[in-house]
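K.L.:
Here you go, sequence then predicted model.
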Amino acid sequence: MEWTLLTQEQYVTTLWSGGTTTQLAIAPEGAVYADRDFLWRLSSAKVELPHSDFTPLPDYNRLISIVKGEMELKIGDGERFPLEPLQVCAFDGGVPVESWGQCSDYNLMMRKGACEGCAQGLKMEKESSLTWSAPVFAPQAHKKLTLAIYCAQGDVTVGGVTAQEGQMLLCREATQEWVELKTQNGAALMCAAIYYG
């Protein structure tokens, strides 16, 4: 599998009402988030306001986690609850969502009916390795697979390519659903698998 290292120079950062959002990757390549016609999008936002409302995205399912700071969420008519670091919360992008707290988060948006996926937070100790396996949906509706490993802290090496804090390793056409992860200094990671096609 071919892994691409994505760094700050490749990312696209934009302003929103609560801070900044950095687009880590989008599909298809070259798609524009504002057009709302993308297949999936990975991003990391800096939430600088103590209280904010999420942008409605009724055509997308969303996964969110925090990588730094603190956040509490209220989804629709549900109760307000804290989101722990690297914990993943899934919700319908069309449902109103409020957040409290200042943090850096991690987002995966996926077009309904066109793709599905998962995200998982991992912590690794110094000079360690592990095999991460993406969950397989049953029945498998989409046959193609993209894998993404975002390094929130530390360093991680996959397939001979190393990412440092704030960088991401992306394999747009993965041929297997597991990857060998290695770290020298320890790592906090967000691993995502996106099934499509």
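P.N.:
Cool, the structure landed.

K.L.:
Next secondary structure after the worst-scoring helix or strand of the chain on mean pLDDT?
P.N.:
Ranked by mean pLDDT, DSSP states H and E, the weakest helix or strand in the chain is strand 12-16, scoring a mean of 87. Per DSSP states H and E, the first helix or strand lying C-terminal to strand 12-16 is strand 19-27.

K.L.:
for that next one, packing partners?
P.N.:
Judged by 3 or more C-beta pairs under 8 Å, 6 or more residues apart in numbering; DSSP states H and E, the packing partners of strand 19-27 are strand 12-16, strand 40-47, strand 144-158, strand 168-171. Where you see a C-beta, it was placed from the backbone N, CA and C, and this is true even at glycine.

K.L.:
which parts of the third one are buried?
P.N.:
Burial within strand 144-158, assessed by neighbour count using 16 or more other C-beta atoms under 10 Å, is assigned to 145-158.

K.L.:
still on that earlier bit, I'd like to know which of the helices and strands packed on strand 19-27 is closest to N61.
P.N.:
Among the helices and strands packed on strand 19-27, the nearest to N61 by C-beta to C-beta is strand 40-47 (9.7 Å).

K.L.:
avg pLDDT for the very next helix or strand once past the closest one?
P.N.:
As assigned by DSSP H and E, the chain's next helix or strand after strand 40-47 is strand 51-53. In this model, strand 51-53 carries a mean pLDDT of 91.

K.L.:
ok, N107 - contacts?
P.N.:
By C-beta atoms under 8 Å, 6 or more residues apart in numbering, the contact set of N107 is R41, L42, S43, S44, A45, R62, L63, I64.

K.L.:
picking that back up, can you add distance to S104 and give the helices and strands packed on strand 19-27 back as TSV?
P.N.:
Shown next, in TSV, are the helices and strands packed on strand 19-27 (distance: least, C-beta to C-beta, whole Å):
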stretch	distance to S104
strand 12-16	12
strand 40-47	5
strand 144-158	8
strand 168-171	14
